[in-house]
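Q: got a sequence here, can you build the structure:
(one chain, ligands or ions: 1)
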Amino acid sequence: MPEVRVTRRMHFSAAHRLFRREWSDKHNTSVFGDCSNPNWHGHNYELEVTVLGPVDPETGYVVDLKELRDLVQVRVVDDVDHKNLNLDVHWMKGILPSTENLVVAIWNRLVDGLPASVRLERVRLKETPRNFVEYTGD
Ligand code: NI
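A: Numbers count the residues shown, from 1 in each chain. Okay, the predicted model is just below:
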C-alpha cells in the first residue's frame, strides 16, 4: 500500500527573548542580536506538521486533516498563540526559546497524539520567511 506524506500548516504569533541570565546584556546581544531585546519582541511563526502513513482504500485519506488540525491547535497553537514563550508556556519552562528548541518541544507535544495509522514525519517551524528549522525526531 502506498505511503504518503500529508502536511498541515498552522500559524501563531508569540513573543520571546533569547538570553542567558548568567551572561551580561552585552554578551547576550552579541550572541542573540535583536532576539535578545530586553523588552521582548514577537515573531509570526509558520508551523508545518507532516505525517506519513498508508492511504486508506475506503476514504483515500492518510489522515483526517481536521483531526490533525485539531491536535496541533489544542496541543500547541492554543498554548503559544499571542503568548510569551519565556513566561506563559508551561512546556517551554526553563528552555531557551530558540526556534530549534521550540521545534523539538512542539514535536514532543504531538508525537504521542496521532492516530495509530500514521507517524509523525517532520515538524518544520518558520520564525521568519527566510529562516526555518526542521525536526524529524532524531
Ligand atoms: Ni526573536
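
Q: hmm, residue 48 and residue 106 touching each other?
A: No: the pair residue 106 / residue 48 is not scored as a contact, 10.6 Å apart, by Cβ atoms under 8 Å. Where you see a C-beta, it was placed from the backbone N, CA and C, and this is true even at glycine.

Q: so what sits against both of those two?
A: 123, 125 (Cβ atoms under 8 Å, 6 or more residues apart in numbering).

Q: which one of the two has more residues nearby?
A: Between residue 106 and residue 48, counted using other Cβ atoms under 10 Å, the more crowded position is residue 106 (26 against 16).

Q: what sits up against the host helix or strand of that one?
A: Following DSSP states H and E, one finds residue 106 within helix 99-110. With Cβ under 8 Å, 6+ apart as the test, helix 99-110 has contacts from 47, 49, 71-72, 75-76, 85, 91-92, 95, 120, 123-125, 127, 131-135, 137.

Q: how many other residues sit next to residue 126?
A: If you count neighbours by other Cβ under 10 Å, residue 126 ends up with 20.

Q: correction: the previous question concerned residue 119.
A: Quick note: residue 119 (other Cβ under 10 Å) scores 13 neighbours.

Q: picking that back up, what residues sit buried inside the helix holding residue 106?
A: For helix 99-110, the neighbour count (16 or more other Cβ atoms under 10 Å) marks 99, 102-107, 109-110 as buried.
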